[in-house]
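[1] Task: produce atomic coordinates for the following.
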Amino acid sequence: MRLLAISDLHVGHPANREAWLALADYRDDWLILAGDLGDTEADLAFVLEIAVRRFARVLWVPGNHELWTDAGTARGGRDKYEALVARCRALGVLTPEDPYALWPGPGGPHLIALMFLLYDYSFRPAGVPLEGALAWAAHSGVACADEYVLDPYPHATRQDWCAERCRITAPRLAAAAAQAPLVLVNHFPLIEELARIPRHPRFSLWCGTTATRDWHTRFDARVVVSGHLHMPSTRWIDGVRFEEVSYGYPHQRRLQPGCVAQYLRQILPAPAHLGQRPEARNAADLFSGSVTSS
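    All right, here's what the predicted structure looks like:
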């Protein structure tokens, strides 16, 4: 029995859709789907309906793509999110709105804390003011479709929605951490240093919030799972394992084309090749060669 994770399946791409359809059975294992499964509710349903047949239990957090709307979409913002939650629940899939599941398998017990936190443009240099953040990104040719298709309704801005989500999530995590160690799951990385995409460093604006900078230690996390960056990796920070579990677009994959199995990341029990939990390291070490990447 294993707890596995994957994100960013983007099944709107035919190659990704076919690969997910061909997924083998993992009937004894649980699966975390960490967002950006597709761009539509139909994409989400396609992924979930296969997942619940292949795995013993399925857990989901939304990415930005699931929340996209367009002029022809009746639901946006929180209404869209609540519709996605309802679709998950109809299939027995856990969401950030449900009680945290207790992992009963090897490496446990852990509570799996599913989170939906968004971003607030705070992943930017100190010298760049909020009102100049989009221009700063655009200066290097970076933009994000969220600016046009991720509706924050009923909030005035996505920053406001992010602040609300952080405000309601932190007390839940504090209560859970008093019961058992946590596996934190969020589509976006919790730490700014992890949001540096080499080719597009200024895309960090749309990658998280500094409000979560200490959550991995503050809430006794043993593993933090995220996606969004399309840069699969394992890193250790402050003695906590951070797993980026993206599948990504077809042209981005280095492993066997179309093979999902190679991208299913084992979260619990900790894979044997990782060895013992290392001594505490911090985010400043990320680019000094003292972290493990895979």
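[2] other SSEs contacting the helix or strand that residue 58 is a member of?
    Residue 58 is part of strand 55-60 when elements are defined by DSSP states H and E. Contact here means 3 or more Cβ pairs under 8 Å, 6 or more residues apart in numbering; DSSP states H and E; on that basis strand 55-60 packs against strand 26-33, helix 41-54, strand 110-114. Using the backbone N, CA and C atoms, a C-beta is placed for each residue, glycine as well.
[3] Apply 6 Å and report the result again.
    strand 26-33 (3 or more Cβ pairs under 6 Å, 6 or more residues apart in numbering; DSSP states H and E).
[4] Return the list of strands paired to the strand it packs on, each annotated with direction.
    When sheet partners are counted by DSSP bridges, strand 26-33 sits next to strand 3-6 (parallel), strand 55-60 (parallel).
[5] what comes into contact with it?
    Judged by Cβ atoms under 6 Å, 6 or more residues apart in numbering, the contacts made with strand 26-33 from elsewhere in the structure are 1-5, 51, 54-60, 185, 225.
[6] residues contacting the residue nearest to the spatial centre of the chain?
    By Cα atoms, centre = their mean, the chain has its centre lying nearest to residue 187, at 1.9 Å. Shown in contact with residue 187 (Cβ under 6 Å, 6+ apart): 34, 35, 61, 63, 227, 228.
[7] In JSON lines, list the residues you listed along with neighbour count, pLDDT and distance to residue 114.
    As requested, the contacts of residue 187 are arranged in JSON lines below (neighbours: other Cβ atoms under 10 Å; pLDDT from 0 to 100; distance: Cβ to Cβ, whole Å):
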{"residue": "34", "neighbour count": "30", "pLDDT": "98", "distance to residue 114": "9"}
{"residue": "35", "neighbour count": "26", "pLDDT": "98", "distance to residue 114": "10"}
{"residue": "61", "neighbour count": "26", "pLDDT": "98", "distance to residue 114": "5"}
{"residue": "63", "neighbour count": "27", "pLDDT": "98", "distance to residue 114": "13"}
{"residue": "227", "neighbour count": "31", "pLDDT": "98", "distance to residue 114": "13"}
{"residue": "228", "neighbour count": "28", "pLDDT": "97", "distance to residue 114": "15"}
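[8] Output stretch 81-97 as PDB, restricted to C-alpha atoms.
    Once side chains and other backbone atoms are set aside, the C-alpha atoms of stretch 81-97 remain, and they are given as PDB (Å, rounded to 0.1, in the frame of the first residue of the first chain):
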ATOM      1  CA  TYR A  81     -14.500  25.800  -7.500                       C
ATOM      2  CA  GLU A  82     -17.600  24.700  -5.600                       C
ATOM      3  CA  ALA A  83     -18.900  22.900  -8.800                       C
ATOM      4  CA  LEU A  84     -15.600  21.100  -9.100                       C
ATOM      5  CA  VAL A  85     -15.700  20.100  -5.400                       C
ATOM      6  CA  ALA A  86     -19.300  18.700  -6.000                       C
ATOM      7  CA  ARG A  87     -18.100  16.700  -9.000                       C
ATOM      8  CA  CYS A  88     -15.300  15.200  -6.900                       C
ATOM      9  CA  ARG A  89     -17.600  14.300  -4.000                       C
ATOM     10  CA  ALA A  90     -20.000  12.600  -6.400                       C
ATOM     11  CA  LEU A  91     -17.200  10.200  -7.200                       C
ATOM     12  CA  GLY A  92     -16.000   9.800  -3.700                       C
ATOM     13  CA  VAL A  93     -12.800  11.900  -4.300                       C
ATOM     14  CA  LEU A  94     -11.600  13.900  -1.300                       C
ATOM     15  CA  THR A  95     -11.100  17.700  -1.700                       C
ATOM     16  CA  PRO A  96      -9.700  20.600   0.300                       C
ATOM     17  CA  GLU A  97     -13.200  21.100   1.700                       C
END
